[in-house]
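Predicted coordinates and the sequence they were generated for:
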Amino acid sequence: MFWKSASKELDSKPFIIDGDDFYSFEDIFLLADALCKDLRDRSVVLIESERDLSTILAYIGALRNSSIPLLIDANS
């Protein structure tokens, strides 16, 4: 995955801009790792997805934890 081979120069670069809020690569990875820290490796993670920060954090956290994310549209 891209976070394994990316240089440290990316850490402070913008990953998400949500209105007035700015999240760097490092911010997102720290938040995502904290959210998914208790998952077992290779778990299947069902994520009720919306267009929001929580969905992105859950998805990235699952991937970084070697889990399998399954996205389900919250509006269907």
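Arrived safely, thanks for sending.

So in the protein, where's the weakest helix or strand by average pLDDT?
One helix or strand of the chain scores below all others by mean pLDDT, DSSP states H and E: helix 2-5, with a mean of 64.

isn't there a helix covering Thr55?
Yes: assigned with DSSP: H, G, I helix; E, B strand; the rest coil, Thr55 falls within a helix.

where does the residue positioned nearest the centre of the chain land on pLDDT?
Nearest to the mean C-alpha position of the chain, by C-alpha atoms, centre = their mean, lies Ile60 at 2.5 Å. Here, the pLDDT recorded for Ile60 equals 95.

contacting residues around it?
Residues near Ile60 by C-beta atoms under 8 Å, 6 or more residues apart in numbering: 28-29, 32. For every residue, glycine as well, the C-beta is placed using N, CA and C.

and it, what helix or strand is that in?
Element membership of Ile60, judged by DSSP states H and E, is helix 53-64.

Please write out the alpha-carbon positions of that helix in CSV.
Extracted in CSV, the C-alpha atoms of helix 53-64 (Å, rounded to 0.1, in the frame of the first residue of the first chain):
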residue,chain,number,x,y,z
LEU,A,53,-14.4,11.5,7.6
SER,A,54,-15.5,8.5,9.7
THR,A,55,-15.9,6.3,6.6
ILE,A,56,-12.5,7.3,5.4
LEU,A,57,-10.9,6.6,8.8
ALA,A,58,-12.6,3.2,9.0
TYR,A,59,-11.6,2.2,5.5
ILE,A,60,-7.9,3.3,5.8
GLY,A,61,-7.7,1.9,9.3
ALA,A,62,-9.0,-1.5,8.2
LEU,A,63,-6.5,-1.6,5.3
ARG,A,64,-3.6,-0.6,7.5
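
Can you list the buried residues in it?
For helix 53-64, burial by neighbour count (16 or more other C-beta atoms under 10 Å) applies to 55-64.
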